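Peer 1: just a sequence and a predicted model for now, questions to come.
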Amino acid sequence: MRRSVVLVILFALLAPSCRSDEIELSYEYEAGDSLTYTMTADARASWDIGGEGSGSYRTTMNVTETIESLADGAIVTVVMEPVEVEEDGLPSPGTEDRTFTLRIGQSGEVLEVLEVDGVPASALDQEQLSLIGTYRPPLPLDPVGLGDTWRSQQQVQLPSAFQRVVTVGELESLNVGDEGAIAEVSYDGEGPLAWTTALPQGDAELTGTTTSTSRATVDIERGYLRSASSTTAGDFEVRATPTSGGALTGTLHLELDLRLTLR
């Protein structure tokens, strides 16, 4: 069984500490397991910074996750291979393959970034590592029943960036179909984001709030993520400082839709 993203659901009969209507959700990792997904990203942006503008991009890529070993969690290598890229006034993440290696915990959290594109993390700036993660939804630490919710929090605090996202997950349904038993899980997240970045015109500061909603379908019997989708949106105040002097202020709205399907 391929179990690089294994969601083990143990019913209460196997877990005496649980209520009779509760189940445990946890990731299980096995060295050598590998899964490949097709991921589609659609991004849209509109802005008014010294003038109005808008743009978008769409990119499709293959994402392969492989469990390399087990050591204080799981060592996972993620390979992202762009297949098709369309840009319309908004730069995409690019057309080059990317590879990174992470250490992840039992609930899917990133414990450590070990390597990016063959370069050890110790040789990279924290800004280059801060937003690298996996596509696993955060799982509850305690047993849950239908309709129960759980909270998780991710925070990034760097000289050039601050982000804190609080996510609420919910076990929505357990169903049995032609392909076996599945669990439907939904998530809502929100938090502040502040970012300083360098543009050709000079430095720019972005401050605002991001919100996200997502759903995931998990194969219970065979234990892996079948599919996931999410929408993330943000509204920002922007202050740009051109190298020629002066300052520009304005607003920026961003939206990103992600769809992930097991191949």
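Peer 2: Now that the structure is in, tell me what you want to look at. Numbers count the residues shown, from 1 in each chain.

Peer 1: wait, Asp203 sits on Thr241?
Peer 2: Yes - contact criterion CB atoms under 8 Å: Asp203 and Thr241 qualify, at 5.1 Å. Heads up, the C-betas are built off the backbone N, CA and C, glycines and all.

Peer 1: helices and strands around the strand or helix carrying Thr101, which ones?
Peer 2: Thr101 is part of strand 98-104, with elements assigned from DSSP states H and E. The elements that strand 98-104 packs onto, with contact taken as 3 or more CB pairs under 8 Å, 6 or more residues apart in numbering; DSSP states H and E, are strand 74-88, strand 110-116.

Peer 1: so the shortest one versus strand 98-104, what angle?
Peer 2: Note on geometry: by axes from the mean of the first three to the mean of the last three CA atoms, to 10 degrees, strand 110-116 and strand 98-104 are set 150 degrees apart in direction.

Peer 1: quick one: strands adjacent to the helix or strand following strand 110-116?
Peer 2: Sequence-wise, the next helix or strand downstream of strand 110-116 (DSSP H and E) is strand 119-120. Partners of strand 119-120 in the sheet, by DSSP bridges, are strand 110-116 (antiparallel).

Peer 1: okay, and Arg44 sits in which element?
Peer 2: Assigned by DSSP H and E, Arg44 falls in strand 34-49.

Peer 1: what is the mean pLDDT for that strand?
Peer 2: Mean per-residue pLDDT for strand 34-49: 92.

Peer 1: what comes up buried for it?
Peer 2: For strand 34-49, the neighbour count (16 or more other CB atoms under 10 Å) marks 35, 37, 39-45, 47, 49 as buried.

Peer 1: now do it against strand 74-88, angle only.
Peer 2: Using the same axes, to 10 degrees: strand 34-49 against strand 74-88 is 40 degrees.

Peer 1: bridged to the closest residue to Pro137 other than its chain neighbours, which residues?
Peer 2: Of all residues not flanking Pro137 in the chain, Ala216 sits nearest, at 4.8 Å (CB to CB, 6 or more residues apart in numbering). Ala216 has the following beta-bridge partners by DSSP bridges: Val185, Ala228.

Peer 1: adjust the sequence numbering to begin at 26 for everything that follows.
Peer 2: Fine by me, first position is 26 from now on; the one you just mentioned is Ala241.

Peer 1: ok, now which ones touch Ala241?
Peer 2: Listed by CB atoms under 8 Å, 6 or more residues apart in numbering, the contact set of Ala241 reads 162, 209-212, 250, 252-253.

Peer 1: could I get the residues you listed as JSON lines with neighbour count and distance to Phe125?
Peer 2: As requested, the contacts of Ala241 are exported to JSON lines (neighbours: other CB atoms under 10 Å; distance: CB to CB, whole Å):
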{"residue": "Pro162", "neighbour count": "23", "distance to Phe125": "19"}
{"residue": "Glu209", "neighbour count": "14", "distance to Phe125": "29"}
{"residue": "Val210", "neighbour count": "23", "distance to Phe125": "25"}
{"residue": "Ser211", "neighbour count": "16", "distance to Phe125": "27"}
{"residue": "Tyr212", "neighbour count": "20", "distance to Phe125": "23"}
{"residue": "Leu250", "neighbour count": "25", "distance to Phe125": "19"}
{"residue": "Ser252", "neighbour count": "16", "distance to Phe125": "22"}
{"residue": "Ala253", "neighbour count": "23", "distance to Phe125": "19"}
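
Peer 1: quick one: strands adjacent to the strand holding Thr126?
Peer 2: Assessed with DSSP bridges, strand 123-129 is paired to strand 99-113 (antiparallel), strand 135-141 (antiparallel).

Peer 1: buried set for the shortest one?
Peer 2: Yep, that's strand 135-141 we're talking about. 135, 138-141.

Peer 1: what strands line up against the strand holding Arg69, and which way round?
Peer 2: Under the rule (DSSP bridges), strand 59-74 has strand 77-95 (antiparallel), strand 273-287 (antiparallel) as partners.

Peer 1: distance between the shortest one and the chain's centre?
Peer 2: When C-alpha coordinates are averaged (CA atoms, centre = their mean, to the nearest Å), strand 273-287 and its chain have centres 13 Å apart.
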